[in-house]
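Asks: sequence plus predicted model, see below.
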Amino acid sequence: MAKLHLKNDAALSRALEVAPPVISKIRHRTLPIGATILLRMHEVSDFSIRELRALMSVGPGEGAALA
């Protein structure tokens, strides 16, 4: 969030165009990050998919959660 200059999860949810509960569920690892949100994160952040996966510490085909 710091790299995107976002103050909180509400701002992150607006940037990613998802409902705030989605961010909460991902943070609490009850909802894996799917391909759609991963692509949206890539578009918003300009991080590569590989960089995003490294930040989330997951490999291809695995679910992830925001840290």
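Replies: Arrived safely. Numbering: from 1, shown residues only.

Asks: give the buried residues for the longest helix belonging to the chain.
Replies: Scanning the chain for the longest helix, with DSSP state H as the assignment, gives helix 35-45. Of all the residues in helix 35-45, those buried under the rule 16 or more other C-beta atoms under 10 Å are 37-38, 40-41, 45. Using the backbone N, CA and C atoms, a C-beta is placed for each residue, glycine as well.

Asks: output those residues in CSV, with pLDDT and distance to L55 appended to each entry.
Replies: Below are the buried residues of helix 35-45 laid out as CSV (pLDDT from 0 to 100; distance: C-beta to C-beta, whole Å):
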residue, pLDDT, distance to L55
I37, 92, 14
L38, 92, 11
R40, 93, 15
M41, 91, 9
S45, 89, 10
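
Asks: now flag whichever of these is closest to L12.
Replies: L12 lies nearest to M41 out of the buried residues of helix 35-45, by C-beta to C-beta, at 9.5 Å.

Asks: was I right to think the closest one contacts F47?
Replies: Yes. The pair M41 / F47 is scored as a contact, 7.3 Å apart, by C-beta atoms under 8 Å.

Asks: what residue ranges in this structure score low on pLDDT?
Replies: Along the chain, the parts satisfying pLDDT under 70 run over 1-2, 58-67.

Asks: which residues of it fall in helices?
Replies: 9-16, 20-27, 35-45, 49-56.

Asks: what residues of the second one count as buried?
Replies: Right, helix 20-27. 22-23, 26.

Asks: quick one: contacts of it?
Replies: Helix 20-27 has contacts (C-beta atoms under 8 Å, 6 or more residues apart in numbering) with 9-10, 12-13, 16, 31-33, 37, 65-66.
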